[in-house]
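Asker: structure, please.
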Amino acid sequence: MLPKLKEGQSVYLELTNPVHGGLGWEFGTCLWSPIKDKRGAKAWPLMEKINPGDVVIHLLKIGGKYSWVGMSITKSKAQQFIDEPPKPDRWKGMSPYYRIPLSQFLPL
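Answerer: Residues are numbered from 1 along each chain as shown. Predicted coordinates for the structure are as follows:
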């Protein structure tokens, strides 16, 4: 069950896969994405709208299907990183990246 939301608090869904970035970028510890797509256009501008204290519901792709697996709270706004995650998967070489740290991960 979702916590009672405070005024101004938003809820976001994370759709991801088990390859989530590697050490320091693990699933449930942060949200991350390249800032631009391969064409150079803004890839995930929604990352710029997330504020500290927002709720994130995590959906993980398992066996070709997304499953609800957890919930957490954002700790800060999106930060920009030049260095890519240790395991960037299909987002390799797409620096810079957004990263939003999370807290209070609660498995569902």
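
Asker: pLDDT of the host helix or strand of residue 33, averaged?
Answerer: Under the criterion DSSP states H and E, the helix or strand holding residue 33 is strand 30-34. If you average the pLDDT over strand 30-34, you get 96.

Asker: would you map the helices across this structure?
Answerer: Here the chain has no helices by DSSP state H.

Asker: tell me the centre residue of it?
Answerer: residue 31 (2.0 Å; CA atoms, centre = their mean).

Asker: could you check how far the closest residue to it other than its chain neighbours is from residue 39?
Answerer: Take residue 31 and drop its neighbours on the chain: the residue closest to it by CB to CB, 6 or more residues apart in numbering is residue 100, 4.4 Å away. Every residue, glycine included, has its C-beta placed from N, CA and C. With distances taken as CB to CB, to the nearest Å, residue 100 is found 24 Å from residue 39.

Asker: who's more crowded, these two?
Answerer: Set residue 100 next to residue 39 and count neighbours by other CB atoms under 10 Å: residue 100 wins out with 22 against 6.

Asker: correct me, but that one touches residue 47?
Answerer: Yes: assessed by CB atoms under 8 Å, residue 100 is found in contact with residue 47 at 6.8 Å.

Asker: which residues do these two both contact?
Answerer: With contacts taken as CB atoms under 8 Å, 6 or more residues apart in numbering, the residues that reach both residue 100 and residue 47 are 31, 78.
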